[in-house]
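K.L.:
how would this look folded up:
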Amino acid sequence: MDETVTARLSAPLADCAAELADLSGYPAWFDAIAAVEATEVTDTDPGDAAWFITLKARVGPFSRSKRLRMVRTRHDVTDTGAVLHFERHEDDGREHSPWLLHVTLDSPAPDSGPTDASVRLHYGGRLWAPPLDAILRAQIEAAVPALDRRLTTPA
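P.N.:
As a prediction, the model looks like this:
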């Protein structure tokens with residue numbers, strides 16, 4: 001599966017970058033992520049932060065879940081844009097199917113918004129059958145307005 005979503009978010013670049021750089025907040029607006037737990041970065045990690053995430057999809061009475069360890073491998077934020085990359089990096093010594101999340105943010109008016117976002121989610125394994133792919137795509141589409149509401153609703 002390889003899915004790319006582009007969206008215009010109402011919030012300023014810094015707010016968007018802060019929200020998207022920390023996987024801990026994703027369950028609040030992305031239904032495919034059931035839980036996130038921050039974990040320590042190890043000496044073998046190719047990045048600066050790590051999380052365990054639990055993905056979940058439901059088809060009728062059946063559900064499928066998957067727990068992965070994701071590492072932020074790129075965290076570049078400037079005044080006009082941001083690039084954030086997350087990659088699956090398990091610390092159990094075994095080989096695993098790749099999961100990649102790449103976020104690119106760009107803003108012509110970074111102090112006030114809007115911010116243009118491009119998010120690519122790639123999975124290289126066989127966990128998700130075609131019906132689950134369709135559910136994941138629907139959850140991705142629903143995440144865009146949910147993220148925009150989270151970014152623009154006062155706390």
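K.L.:
any idea how far the lengthiest helix in the chain is from the middle of the chain?
P.N.:
With secondary structure taken from DSSP state H, the chain has its longest helix at helix 130-152. Between the centre of helix 130-152 and the centre of its chain there are 11 Å (C-alpha atoms, centre = their mean, to the nearest Å).
K.L.:
run the chain-centre distance for the helix or strand harbouring residue 83.
P.N.:
Using DSSP states H and E, residue 83 maps to strand 81-88. Averaging C-alpha positions (C-alpha atoms, centre = their mean) puts strand 81-88 9 Å from its chain's average.
K.L.:
low pLDDT regions in the protein?
P.N.:
Along the chain, the parts satisfying pLDDT under 70 run over 126-131, 155.
K.L.:
ok, 80 please
P.N.:
1, 57-60, 62-64, 110, 125-136, 154-155 (pLDDT under 80).
K.L.:
find the centremost residue of it, please.
P.N.:
residue 101 (5.6 Å; C-alpha atoms, centre = their mean).
K.L.:
so for that residue, what's the nearest residue that isn't a sequence neighbour?
P.N.:
residue 86 (4.2 Å; C-beta to C-beta, 6 or more residues apart in numbering). In this view, the C-beta of every residue, glycine as well, is placed from N, C-alpha and C.
K.L.:
list the contacts of the longest strand seen in the chain.
P.N.:
Secondary structure of the chain per DSSP state E: the longest strand is strand 62-77. By C-beta atoms under 8 Å, 6 or more residues apart in numbering, the surrounding residues in contact with strand 62-77 are 14, 17, 21, 23, 34, 39, 41, 45-58, 82-91, 96, 99, 101, 127-128, 132.
K.L.:
same check on stretch 7-19?
P.N.:
Stretch 7-19 has contacts (C-beta under 8 Å, 6+ apart) with 25, 77, 79-82, 84, 105-107, 110-117, 119, 144, 147-148, 150-152.
K.L.:
just the buried ones from those, in ChimeraX syntax?
P.N.:
Here is the ChimeraX selection string for the buried members of the contacts of stretch 7-19, based on 16 or more other C-beta atoms under 10 Å:
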select :25,77,81,82,84,105,107,110,113,114,115,116,117,119,144,147,148,150,151
